[in-house]
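Undergrad: Okay, sequence plus prediction incoming.
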Amino acid sequence: MSRILLGVSGGIAAYKACLLLRLFTEAGHDVQVVPTLNALQFVGETTWAALSGKPVHTSVMADAHLVNHVRLGREADLVVVAPATADLIARAASGRADDLLTNVLLTATCPVVLAPAMHTEMWLHAATQANVALLRSRGVVVLEPAVGRLTGTDSGPGRLPEPEDIEASALAALAGGHAAAAMASRDLAGLRILVSAGGTREPLDPVRFVGNNSSGLMGVALARAAVQRGAQVTLVGANLTAEPPAAVRVVGVVSTGDLAAAMAAEAATADIIVMAAAPADFTPVNPSSTKLKKAGDAGLTVEFRQTTDVLAGLVSTRTAGQVVVGFAAETASDESELIELGTAKLARKGCQLLVLNNVSGGAVFGAPDNQVLVLGPDGVLSSAAGTKTTVAHAIWDAAITVKEGKTA
Ligand code: CTP
């Protein structure tokens, strides 16, 4: 359990911070809410107190003997401000301490994550952009706002990222490692990244298919982490169970054939490609155009043919400097067998990196957490465990190292 300080500034998106608060408490964290006085115009103190299960602090002057303006920031393991308005960002950048929340920002030594929400003009204004750049240069994680519907009928960048996306990035920053620094420095800026995710479905007839257990969560987490590190991301998603972040361009596919075509169409312009999808290896030779009927004791016999190996195709068309990353889900009895299977697969597939996980018992599918080894031609480069977004950051760390030519 970690101590999360949730700051809320005065914007209409304050209501979404209630959902974020619930996500943090349901994940087992202790949350202290510090709303600004303007935030209380949107969501009242009673709501924050009831949802967090503790009193809300709103003023530097109240409970002065507790020295809240210093204590709260010092005691927090993570500070998240959602929504962070243009004014809150400006005050944070200039080091103001004119309310309790800005005092917290000046005293916190833990990771600080700001989730902006404002109108597009305010977000794109040179003043806001300069403030954001300054905060990032100081190591503050300023999340990329979502693109979409704003308060009125207008639409554009400036929308608060969805609570699930804020939670995932904030918990990755909390997990330690390199994620917070990478999101602040935006080390993938300027890179075009292509990720595949999900499990393909091969049709048996118009209503039935052969599928697999992949949820697509790992690929969505990779896309989310890459966006927050500044990359331009395209996600080819097969039957995803989770909504990708709004800043990601999504190409929806169903079967392995569709996936192969979509990846081939997008690959040429990508700097890094990650095949996190679980494409079916076999597809029915003759899917029925009408619904298959029961045939008594004869049952059903279906003839399958092998599908194209999408990863092998991407490796064969790899352009100079492009990094191709494969995944391998293996059922191994221990780590040395896992590495042995992975090493053979890496050599067979010819990609630069292989992300290995042990799926004995089906533990990974649909789960929020994962545990992986990242394998390069010279052996294990790194290992990572934690939420899928935390693991995704470790995979990008390895991919960027290879991209910059430091290994492989
Ligand atoms: N993959 C692919 N096309 C397929 C099957 C798999 O591109 N038709 C990709 C996966 O996305 C993954 C990698 O290949 O990145 C390894 O997947 P896996 O199923 O472990 O590989 P297979 O080649 O199917 O190996 P195995 O013989 O162990 O099933």
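TA: Looks like it arrived, so ask away.
Undergrad: Would you state the helices of the stretch 301-408 of the chain in chain order?
TA: For the stretch 301-408 of the chain, helices defined by DSSP state H, counting those that start in this stretch occupy the ranges 310-316, 335-349, 388-403.
Undergrad: what's the closest non-adjacent residue to the residue of the stretch 51-200 of the chain found nearest the ligand?
TA: Using CB to the nearest ligand atom, the point where the stretch 51-200 of the chain gets nearest to the ligand is Ser196, with a distance of 6.5 Å. (Each C-beta comes from the backbone N, C-alpha and C, glycine too.) Nearest-residue entry for Ser196: Ala277, 3.7 Å, with adjacent residues in sequence omitted and distances by CB to CB, 6 or more residues apart in numbering.
Undergrad: Tell me, how many residues neighbour that neighbour?
TA: Counted by other CB atoms under 10 Å, the residues lying close to Ala277 total 29.
Undergrad: how about low-confidence regions in the stretch 251-400 of the chain?
TA: Scanning the stretch 251-400 of the chain with the threshold set as pLDDT under 70 gives 361-364.
Undergrad: which residue ranges form the strands in the stretch 251-400 of the chain?
TA: 272-275, 282-284, 304-306, 323-330, 353-358, 369-376, 379-387 (DSSP state E, counting those that start in this stretch).
Undergrad: Mark out where each domain of the protein begins and ends.
TA: Following automatic domain parsing, one finds the domains of the chain at 3-185, 192-403.
Undergrad: Let's have the helices of the stretch 301-408 of the chain in CSV, adding mean neighbour count and distance to Glu162.
TA: Written out in CSV, the entries for the helices of the stretch 301-408 of the chain read as follows (neighbours: other CB atoms under 10 Å; distance: least, CB to CB, whole Å):
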stretch, mean neighbour count, distance to Glu162
helix 310-316, 19, 29
helix 335-349, 16, 34
helix 388-403, 24, 13
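Undergrad: wait, which of these is closest to the ligand?
TA: Where the helices of the stretch 301-408 of the chain are weighed against each other on CB to the nearest ligand atom, the nearest is helix 310-316, at 3.3 Å.
Undergrad: Packing partners of the closest one?
TA: Contact analysis of helix 310-316 by 3 or more CB pairs under 8 Å, 6 or more residues apart in numbering; DSSP states H and E lists helix 256-267, strand 272-275, strand 323-330, helix 335-349 as its packing neighbours.
Undergrad: Reformat these as a markdown table; add distance to the ligand.
TA: Putting those into a markdown table (distance: least, CB to the nearest ligand atom, whole Å) gives the following:
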| stretch | distance to the ligand |
| --- | --- |
| helix 256-267 | 5 |
| strand 272-275 | 4 |
| strand 323-330 | 4 |
| helix 335-349 | 6 |
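Undergrad: want to throw those into CSV with distance to Pro377?
TA: Putting these into CSV (distance: least, CB to CB, whole Å) gives the following:
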stretch, distance to Pro377
helix 256-267, 21
strand 272-275, 17
strand 323-330, 12
helix 335-349, 7
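Undergrad: Helices along the stretch 151-300 of the chain, start to end?
TA: Counting by DSSP H, counting those that start in this stretch, residue ranges of the helices within the stretch 151-300 of the chain are 163-174, 179-185, 217-228, 256-267.
Undergrad: Up against the ligand, what does the stretch 301-408 of the chain have?
TA: Counting by CB under 6 Å from any ligand atom, the residues of the stretch 301-408 of the chain lying close to the ligand are Thr307, Asp309, Val310, Leu311, Gly326, Phe327, Ala328, Ala329.
Undergrad: highest average neighbour count across the strands of the stretch 251-400 of the chain?
TA: Each of the strands of the stretch 251-400 of the chain was assessed for mean neighbour count using mean count of other CB atoms under 10 Å. The highest is strand 272-275, with a mean of 27.
Undergrad: outside of that strand, which residues touch it?
TA: Contacts with strand 272-275, where a contact means CB atoms under 8 Å, 6 or more residues apart in numbering, come from 191, 193-196, 219, 222, 263, 267, 310-311, 314, 322-327, 351, 395, 399, 403.
Undergrad: Just give the number of residues close to the residue nearest to Ala127 when sequence neighbours are not counted.
TA: By the measure of CB to CB, 6+ apart, the closest residue to Ala127 outside its immediate chain neighbours is Ala90, 7.0 Å from it. By other CB under 10 Å, the residues close to Ala90 number 15.
Undergrad: Ala90: what's it in contact with?
TA: By CB under 8 Å, 6+ apart, the contact list for Ala90 reads Ala127, Thr128, Asn131.
Undergrad: filter those to the buried ones?
TA: When burial is judged by neighbour count using 16 or more other CB atoms under 10 Å, the buried members of those are Thr128, Asn131.
Undergrad: Would you mind giving the contacts of Ala90 as JSON lines with secondary structure and distance to Ala173 added?
TA: Formatted as JSON lines, the entries for the contacts of Ala90 read as follows, by DSSP: H, G, I helix; E, B strand; the rest coil; distance: CB to CB, whole Å:
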{"residue": "Ala127", "secondary structure": "helix", "distance to Ala173": "25"}
{"residue": "Thr128", "secondary structure": "helix", "distance to Ala173": "21"}
{"residue": "Asn131", "secondary structure": "helix", "distance to Ala173": "19"}
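Undergrad: closest to Ala97 among the contacts of Ala90?
TA: Out of the contacts of Ala90, the one with the shortest distance to Ala97 is Asn131. That distance is 16.1 Å, counting by CB to CB.
Undergrad: Skip the chain neighbours and tell me the closest residue to the closest one.
TA: Counting by CB to CB, 6+ apart, the nearest residue to Asn131 once its immediate chain neighbours are dropped is Ala93, at 3.8 Å.
Undergrad: okay, now the one you found: neighbour count?
TA: Summarising burial for Ala93: neighbours were counted as other CB under 10 Å, giving 21.
Undergrad: pLDDT at it, what is it?
TA: Per-residue pLDDT puts Ala93 at 98.
Undergrad: So which bits of the stretch 101-250 of the chain are right by the ligand?
TA: Taking CB under 6 Å from any ligand atom as the test, the list of the stretch 101-250 of the chain residues beside the ligand is empty.
Undergrad: pLDDT weak spots in the stretch 101-250 of the chain?
TA: Along the stretch 101-250 of the chain, the model assigns pLDDT under 70 to no residue.
Undergrad: which stretches of the stretch 1-150 of the chain form strands?
TA: Using DSSP E, counting those that start in this stretch, the strands of the stretch 1-150 of the chain run over 3-8, 30-35, 78-84, 112-116, 141-142, 146-149.
Undergrad: Nice, that's everything, thank you.
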